[in-house]
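>>> coordinates for the following, if possible.
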Amino acid sequence: MRLYKIVSPGHAESGVPARTSWAGSQVDARRSRMCLEEPLKSIPARSRPKVEVTEVDVPTDKQGLLGFLNGE
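Alright, predicted model coming up:
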């Protein structure tokens with residue numbers, strides 16, 4: 001199964017916390033990315049942290065899924 005991991009590193013100086021979100025489709029991933037970028041827009045572009053979207057293949061069999069969830 002393909003999922004999308006959206007990671008916002010946050011920005012300590014402006015009080016924006018780091019956040020991670022997961023999405024099941026590219027459309028949902030884009031929406032999540034835009035929501036995570038919204039509080040960062042007030043930061044100047046050169047020092048603004050980048051929100052990254054990573055495509056992740058998640059195994060669907062029981063053994064593989066348990067390994068994925070446990071970080072193995």
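>>> shaky segments in this protein?
72 (pLDDT under 70).
>>> quick one, strands of it?
Counting by DSSP state E, the chain has strands at residues 2-8, 19-23, 52-57.
>>> tell me the angle the shortest one makes with strand 52-57.
In this case it means strand 19-23. 40 degrees (axes from the mean of the first three to the mean of the last three Cα atoms, to 10 degrees).
>>> the longest one too?
Compare the direction of strand 2-8 with that of strand 52-57 by the same axes, to 10 degrees and you get 160 degrees.
>>> show residues contacting strand 2-8.
16, 18-26, 28-29, 32-33, 36-37, 40, 49, 51-58 (Cβ atoms under 8 Å, 6 or more residues apart in numbering). Any C-beta I mention is one placed from the backbone N, CA and C, and that applies to glycine too.
>>> just the buried residues from the residues you listed, in ChimeraX please.
Entered in ChimeraX, the line below selects the buried ones among these, by 16 or more other Cβ atoms under 10 Å:
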select :16,21,23,29,32,33,36,40,49,51,53
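>>> that older thread, distance to Ala45 added to the strands of the chain, as CSV?
As requested, these are exported to CSV (distance: least, Cβ to Cβ, whole Å):
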stretch, distance to Ala45
strand 2-8, 16
strand 19-23, 20
strand 52-57, 16
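>>> so which of those comes closest to Pro44?
strand 2-8 (16.8 Å; Cβ to Cβ).
>>> now do the buried residues in stretch 2-16.
Going by neighbour count (16+ other Cβ under 10 Å), the buried part of stretch 2-16 is Tyr4, Lys5, Ile6, Val7, Ser8, Pro9, His11, Val16.
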